[in-house]
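>>> the following comprises the amino acid sequence and a computationally predicted model.
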Amino acid sequence: MPDSLLCLRFFILPHTAPHMDTRKIRLIMELRHQGIRDTKVLSAIETVPRELFVPDHHENQAYENRALSIGAGQTISQPQIVAVMTQALQLNDRHKVLEVGTGSGYQAAILASLCRRLYTIERHKSLLAEAEKRFETLGVRNITAIVGDGMKGWWEQAPFERIIVTAAAQYKVPSSLMEQLAPNGLLVIPIERSTGDQVLRLYRKESEDTYAMKDLMPVRFVPLLPEVAQ
Ligand code: SAM
């Protein structure tokens, strides 16, 4: 879609305060500039109100392209990273998707607008409770969320056509997640390497034990940790 049309759509269909719309337009332009071409992804970012997913004192920064703290030592990811991960998954409305790391619920709401059903797991009970309230407020009905250790996946609901992990795994993908990925499925995950840096990695399951792999970009995520947080 040409930039001018995208702008026009924002101005014709305002659904947030005017100053928010201006910031949102700027953010979408920035994402396009950074290589996000999937119009379904851009439109999901336009539609899901990020200001609802950040603490009140960060509301002013909701449409800045940066991660923000959400409590419990965790963060809502930077919009660019949300967009890159979502675009990499090539979602459609037949996909059943697993997200590990619900956090604020923002990435979950974006995914849910592009897939059939989203299953999401968070190890912090308080964060999950807040996220579920937001899904309720927005009337999102195709998300099932639980408190748990997402490194184990969700065997009862597997296989998943798509899996997204929003915290950094040390060195490799947890084996349960690979096992729960459907044939030809895609999995996107930040991986911390032995050098200490992190890379966003996309896997495609080619057969029961073979995967194609592609590094997308350097990233900095909070760590993927075992067990439910106490
Ligand atoms: N997707 C989130 C959002 O849109 O706000 C951002 C997630 S934040 C960067 C990473 C989240 O992963 C944190 O909330 C953290 O508690 C969670 N997490 C870390 N390890 C986990 C695990 N083993 N199972 C489930 N959640 C986990």
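That came in fine, so what should we check first?

>>> who touches stretch 93-102?
The contact list for stretch 93-102 (CB atoms under 8 Å, 6 or more residues apart in numbering) reads 89, 91, 107-108, 111, 114-122, 127-128, 131, 145, 150-151, 153-154, 157-158, 160-167, 177, 180, 224. In short, each C-beta sits where N, CA and C put it, glycine included.

>>> same question for that stretch: list its buried residues.
Across stretch 93-102, burial judged by 16 or more other CB atoms under 10 Å covers H95, K96, V97, L98, E99, V100, G101, T102.

>>> same list (those) but as TSV, adding distance to the ligand, pLDDT and secondary structure.
Output for the buried residues of stretch 93-102, formatted as TSV (distance: CB to the nearest ligand atom, whole Å; pLDDT from 0 to 100; DSSP: H, G, I helix; E, B strand; the rest coil):
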residue	distance to the ligand	pLDDT	secondary structure
H95	17	98	coil
K96	18	98	strand
V97	12	99	strand
L98	11	99	strand
E99	7	99	strand
V100	5	99	strand
G101	3	98	coil
T102	6	98	coil
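
>>> got a list of what G103 touches?
G103 makes contact with I70, Q74, T75, I76, S77, E122, L127, A131, T166, according to CB under 8 Å, 6+ apart.

>>> not counting sequence-adjacent ones, nearest residue to it?
Once flanking residues are discounted, G103 sits nearest to Q74: 5.6 Å by CB to CB, 6 or more residues apart in numbering.

>>> the contacts of G103 in strands, which ones?
Residues of the contacts of G103 located in strands (DSSP state E): I70, Q74, T75, I76, E122.

>>> verify the stated contact: S194 with K172.
No. Counting by CB atoms under 8 Å, S194 sits too far from K172 to count as a contact (10.9 Å).

>>> list, one by one, the residues from the chain near the ligand.
Counting by CB under 6 Å from any ligand atom, the positions of the chain adjacent to the ligand are 74-77, 100-101, 103-104, 106-107, 121-124, 127, 149-151, 166-167, 221-222, 224-226.

>>> the spatially closest residue to S77 that is not a sequence neighbour: neighbour count?
Using CB to CB, 6+ apart and skipping residues adjacent in sequence, the residue nearest S77 is A67, 5.6 Å away. When neighbours are counted by other CB atoms under 10 Å, A67 registers 18.

>>> where does pLDDT dip in this structure?
Residue ranges of the chain with pLDDT under 70: 1-19.

>>> the strands in it, which residues?
68-71, 74-76, 96-100, 117-122, 143-147, 160-165, 169-170, 181-192, 198-207, 210-219.

>>> export the fifth one to CSV, keeping only CA atoms.
These are the backbone C-alpha positions of strand 143-147, laid out as CSV (Å, rounded to 0.1, in the frame of the first residue of the first chain):
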residue,chain,number,x,y,z
ILE,A,143,-6.6,-16.6,23.2
THR,A,144,-6.2,-19.3,25.8
ALA,A,145,-3.6,-18.3,28.4
ILE,A,146,-2.1,-20.2,31.3
VAL,A,147,0.5,-19.7,34.0
